[in-house]
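**Student:** Predicted structure and sequence below. I'll ask about it afterward.
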Amino acid sequence: MNPRAPSWLVDVPFAHRGLHGPGLPENSMAAFDAAIDAGYGIELDVQLSGDGEAVVLHDLDLERVTGVSARARELSAAELRGLRLGGTSHAVPTLAEALELVGDRVPLMVELKSFGRATGRLEAVVADLLDQHPGPFCVSSFHPGSVRWFRRRRPEWLRGQAAGTLADVPMPGWVRPPLRHMVWNRWNRPDFVAYELAALPHPAVERARSRGAAVIAWTVTSDDELERARRLADNIIFEHVAP
């Protein structure tokens, strides 16, 4: 395993979008609080608002999580803060708010949602915030350009390539094979790969492991999947199950 990988990266399970459940929406401050209380790491997603602020949201379209058919980049951070998650009273948090809440209490995996081909704007905003973060953290993305950005500009940070079959993810068909096989790893040199559990084992993952990368399986949702992930990966990103 990569000698740069600290023990927390492989020993502390990551709660997928926080420890969410009834009344605790995904990627909410309440879900992050619950993960902290349980001693789990937190995996969260970030993208840019229309006015260039890093906000914690997963979907490109906000309808599923907020009931509003819009994209984060079409709204200001203040407008996004006015939306409510999953029909609850919980607001869309900014990354700055999430970082302040987490502090140095649990490890954090920040997944950058760099939609499209261009990278740089979201990465720079996230980097400026994480430069001040006191706790253990790593960054990851499905976008190899995002991983490369951090290798070049924050080479001391732990960075991960997220990948898998992505069969249910809307994207151009030509993108899936290179992502599945992580063809950019030889240039990006990720410290870990976050790989879809359903697609494990996979030769590309074994190649990454042979080069020293840790393997983190996503998303583990049952006891059976948990047992399988323990055989095939070094750590997990989970929801709806107690590791």
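**Tutor:** Looks like it came in fine.
**Student:** Can you report how many residues lie near G67?
**Tutor:** 12 (other Cβ atoms under 10 Å). Yep, even glycine has a C-beta here, placed from its N, CA and C like the rest.
**Student:** how far out from the middle of the chain is the helix or strand bottoming out on mean pLDDT in the chain?
**Tutor:** Across the helices and strands of the chain, mean pLDDT, DSSP states H and E gives its lowest value to helix 176-181, namely a mean of 89. Mean-position distance between helix 176-181 and its chain equals 18 Å (Cα atoms, centre = their mean, to the nearest Å).
**Student:** which other helices and strands contact it?
**Tutor:** Contacts defined by 3 or more Cβ pairs under 8 Å, 6 or more residues apart in numbering; DSSP states H and E place helix 176-181 against helix 203-210.
**Student:** that older thread, and the next element down the chain from the least confident helix or strand of the chain?
**Tutor:** Using DSSP states H and E, the helix or strand that follows helix 176-181 in sequence is helix 185-188.
**Student:** Sheet-wise, list the partners of the helix or strand just after that next one with their directions.
**Tutor:** Counting by DSSP H and E, the next helix or strand C-terminal to helix 185-188 is strand 192-196. Its sheet considered, strand 192-196 pairs with strand 159-163 (parallel), strand 214-220 (parallel) by DSSP bridges.
**Student:** ok, and what's touching strand 192-196?
**Tutor:** Residues outside strand 192-196 that contact it (Cβ atoms under 8 Å, 6 or more residues apart in numbering) are 2, 5, 9, 109, 111, 138, 140, 158, 160-166, 182, 185, 202, 205, 208, 213-218, 233-234, 237.
**Student:** repeat that with 7 Å
**Tutor:** Here strand 192-196 makes contact (Cβ atoms under 7 Å, 6 or more residues apart in numbering) with 5, 9, 140, 160-165, 182, 202, 205, 208, 213-218, 237.
**Student:** Can you select the buried ones from the residues you listed in ChimeraX?
**Tutor:** Only the buried entries of the contacts of strand 192-196 go into this ChimeraX selection, using 16 or more other Cβ atoms under 10 Å:
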select :5,9,140,160,161,162,163,164,182,202,205,208,213,214,215,216,217,218,237
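**Student:** In the least confident helix or strand of the chain, which residues are buried?
**Tutor:** So for helix 176-181, counting by 16+ other Cβ under 10 Å, buried means 176, 179-180.
**Student:** Just give me the closest of those residues to G82.
**Tutor:** Checking the buried residues of helix 176-181 against G82 with Cβ to Cβ, the nearest one is L179 at 34.5 Å.
**Student:** Chain neighbours aside, what residue packs nearest to that closest one?
**Tutor:** Distances taken as Cβ to Cβ, 6 or more residues apart in numbering place A163 nearest to L179, at 5.2 Å, with adjacent residues excluded.
**Student:** Between the two ends of stretch 24-35, how far is it?
**Tutor:** Using Cα to Cα, to the nearest Å, the end-to-end distance of stretch 24-35 comes to 11 Å.
**Student:** Sorry, slip of the keys, the one I care about is stretch 235-243.
**Tutor:** Length of stretch 235-243, first residue to last, Cα to Cα: 10 Å.
**Student:** what sits up against that stretch?
**Tutor:** Residues outside stretch 235-243 that contact it (Cβ under 7 Å, 6+ apart): 9-10, 13-16, 20, 43, 194, 214, 216-223, 226, 229.
**Student:** Right, I'll call it a day here.
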